[in-house]
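Undergrad: got a structure for you, letters missing:
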């Protein structure tokens, strides 16, 4: 009797879940995934794994497909091929992860070619493959596209020079971490999401103890939104040349200071000698390299040299670059190519020419380059991002309106140090960690 009651209760619960599933999936997708989506997908992964790996040639027989019969060698299809060992599907926010142990002789690329087939068989939005241990790969199934509405699900612990600006395709927070990748290249055509990303970056940096500088060669139409929080803003190439020369002088002064006390970076300086980190945002970098007259050549040469020096020396001295532009190609000259080599962080939105995508991602990964060139007009804010870990990911920025950016700049205007002079007498404990 008790067993019948339990079965009826279980059946009633399943029926209720099935009835409310459409509304639950629409209004509370993460709850739907935990209650219904994940269990169904986990069962599907288990049931289809052997057949999939056999059909795709990933299963391997324990015995070779040949045998000796007298003086004859008989060949045929191997019997009972064994698929790569599949771990237990683990629930995660908006998807699941499953660990796979490869057969001897197999490499991650063998499974990479099967990702599309796995996506269809498991009926998920996408399957991504990663490998952080020899002999193993992790297959990550995404229940839906998290980039449709990039809302960061949690706030990471605040740390200087690390900000959350959006969401990665696997559902994790998208970060720009200047301690991990000191300098960044951001490219994107008009209305691709580049300006929104810069707004999100400045909005998140505004409350931190960091000095912000801007070079806006669109006639001062973009970065003046944050002028209250900027220590200096250059809106012409002549002003940019003077500002970059002053920043190089600051770099040299910091270098001499570190040498005098035997420190390898400003992060090793004693408290009374600490220096604020500096982030320099350059919008429309191509305007810095365009030459119309002979007189421009000397100015462009000086700017190019100073940018390159900042990128080469700045990481240890707390000076970081964010180089942004609609078009950043090798046709702008060797200075741009040399600068690109120092920019470890790369973000490529939809671009209008293949040369810009090649400049941003071509030296990192061909697959990343191909993915960037497939971004459509409808995918505003979507970008391919890569940093020092050697991997690339699709991502999308949090939408920050001009008014939100302006309010943040005004709110924290008191934190903008006067320029020149960035000496800190009493830094807050933990600011530079």
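TA: Arrived safely, thanks for sending. Keep in mind the model is a prediction, meaning the values are calculated, not measured.
Undergrad: C-alpha from now on. contacts and neighbour counts both.
TA: Fine.
Undergrad: Any idea how far apart the tips of stretch 123-137 sit?
TA: One end of stretch 123-137 sits 20 Å from the other (Cα to Cα, to the nearest Å).
Undergrad: for stretch 185-205, that is, sorry about that
TA: Across stretch 185-205, first to last residue, Cα to Cα, it's 17 Å.
Undergrad: ok, and for it, which residues are buried?
TA: For stretch 185-205, the buried set under the neighbour-count rule, 16 or more other Cα atoms under 10 Å, comprises 185-189, 191-205.
Undergrad: Then stretch 282-296?
TA: Neighbour-count burial for stretch 282-296 [16+ other Cα under 10 Å]: 282-289.
Undergrad: Next, the distance between the ends of that stretch.
TA: Across stretch 282-296, the terminal residues are separated by 19 Å (Cα to Cα).
Undergrad: next one: stretch 162-175
TA: Note: stretch 162-175 ends 7 Å apart using Cα to Cα.
Undergrad: Low-confidence ranges, the chain, go.
TA: Applying pLDDT under 70 to the chain flags residues 1-2, 4, 6-26, 63-79, 149-158, 219-221, 292, 390, 421-433.
Undergrad: Report the central residue of it.
TA: residue 385 (3.9 Å; Cα atoms, centre = their mean).
Undergrad: what about that residue, which SS state?
TA: The three-state assignment at residue 385 reads strand, by DSSP: H, G, I helix; E, B strand; the rest coil.
Undergrad: about what we covered before: for the buried residues of stretch 282-296, could you give me CSV that also reports distance to residue 275?
TA: Below are those laid out as CSV (distance: Cα to Cα, whole Å):
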residue, distance to residue 275
282, 22
283, 25
284, 28
285, 27
286, 31
287, 31
288, 28
289, 31
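Undergrad: Tell me which entries of these lie within helices.
TA: Those of those mapping onto helices are 286-289, per DSSP state H.
Undergrad: From those residues, pick the one nearest residue 32.
TA: Nearest to residue 32 out of these is residue 286 (Cα to Cα; 47.7 Å).
Undergrad: Enumerate every residue touching that closest one.
TA: 325, 327-328, 332 (Cα atoms under 8 Å, 6 or more residues apart in numbering).
Undergrad: Any quick ChimeraX command for the buried ones out of the residues you listed?
TA: Only the buried entries of the contacts of residue 286 go into this ChimeraX selection, using 16+ other Cα under 10 Å:
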select :325,327,328,332
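Undergrad: can I get the contacts of residue 286 in CSV with distance to residue 254?
TA: Formatted as CSV, these follow (distance: Cα to Cα, whole Å):
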residue, distance to residue 254
325, 29
327, 33
328, 30
332, 31
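Undergrad: Show me the helices in the protein, by range?
TA: Using DSSP H, helices in the chain cover 2-27, 29-32, 38-55, 108-112, 115-122, 194-205, 237-261, 286-289, 294-317, 334-340, 354-361, 366-373, 402-411.
Undergrad: Determine which of those helices approaches residue 381 most closely.
TA: Here helix 194-205 is closest among the helices of the chain (Cα to Cα), at 7.1 Å.
Undergrad: The closest one packs against which elements?
TA: strand 162-168, strand 392-397, helix 402-411 (3 or more Cα pairs under 8 Å, 6 or more residues apart in numbering; DSSP states H and E).
Undergrad: want to throw these into TSV with mean neighbour count?
TA: As requested, these are arranged in TSV below (neighbours: other Cα atoms under 10 Å):
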stretch	mean neighbour count
strand 162-168	24
strand 392-397	24
helix 402-411	17
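Undergrad: which residues touch residue 191?
TA: Residue 191 touches residue 380, counting by Cα under 8 Å, 6+ apart.
Undergrad: In strands only, show me the contacts of residue 286.
TA: residue 325 (DSSP state E).
Undergrad: and the contacts of residue 286, which two are the farthest apart?
TA: Farthest pair in the contacts of residue 286 (Cα to Cα) is 325 and 332. Separation: 12.2 Å.
Undergrad: rewinding a little: how far away is the closest residue in space to the residue nearest to the centre of the chain that isn't next to it in sequence from residue 162?
TA: Counting by Cα to Cα, 6 or more residues apart in numbering, the nearest residue to residue 385 once its immediate chain neighbours are dropped is residue 347, at 4.4 Å. Here residue 347 is placed at a distance of 16 Å from residue 162 (Cα to Cα).
Undergrad: now do residue 38
TA: Taking Cα to Cα, one finds residue 38 at 32 Å from residue 162.
Undergrad: Next, format the ones in helices among the buried residues of stretch 282-296 as TSV and append distance to residue 257.
TA: As requested, those are exported to TSV (distance: Cα to Cα, whole Å):
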residue	distance to residue 257
286	34
287	34
288	30
289	32
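Undergrad: Looking at those, spot the one nearest residue 377.
TA: For these, the nearest to residue 377 is residue 286 (22.6 Å; Cα to Cα).
Undergrad: show me what contacts the closest residue to residue 381 other than its chain neighbours?
TA: Nearest residue to residue 381, sequence neighbours excluded (Cα to Cα, 6+ apart): residue 193, at 4.0 Å. Counting by Cα under 8 Å, 6+ apart, residue 193 makes contact with 349, 380-382, 397.
Undergrad: taking those residues one by one, which sit in strands?
TA: 382, 397.
Undergrad: now the contacts of residue 193 as a markdown table including distance to residue 143?
TA: Below are these laid out as a markdown table (distance: Cα to Cα, whole Å):
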| residue | distance to residue 143 |
| --- | --- |
| 349 | 24 |
| 380 | 21 |
| 381 | 21 |
| 382 | 18 |
| 397 | 20 |
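Undergrad: Quick one, which of the contacts of residue 193 are buried?
TA: 349, 380-382, 397.
Undergrad: Of those, just say which sits nearest to residue 111.
TA: Using Cα to Cα, residue 382 is the member of the buried ones among the contacts of residue 193 that sits closest to residue 111, with 26.3 Å.
Undergrad: beta partners of the residue nearest to that closest one when sequence neighbours are not counted?
TA: Using Cα to Cα, 6+ apart and skipping residues adjacent in sequence, the residue nearest residue 382 is residue 396, 4.4 Å away. For residue 396, the beta-bridge partners are residue 167, residue 382 (DSSP bridges).
Undergrad: need the contact list for residue 396.
TA: So, once contact is read as Cα under 8 Å, 6+ apart, residue 396 ends up touching 147, 150, 166-169, 381-383.
Undergrad: Present those as JSON lines; the columns should include distance to residue 216.
TA: Compiled in JSON lines, the contacts of residue 396 are given as follows (distance: Cα to Cα, whole Å):
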{"residue": "147", "distance to residue 216": "29"}
{"residue": "150", "distance to residue 216": "27"}
{"residue": "166", "distance to residue 216": "23"}
{"residue": "167", "distance to residue 216": "27"}
{"residue": "168", "distance to residue 216": "28"}
{"residue": "169", "distance to residue 216": "31"}
{"residue": "381", "distance to residue 216": "21"}
{"residue": "382", "distance to residue 216": "23"}
{"residue": "383", "distance to residue 216": "22"}
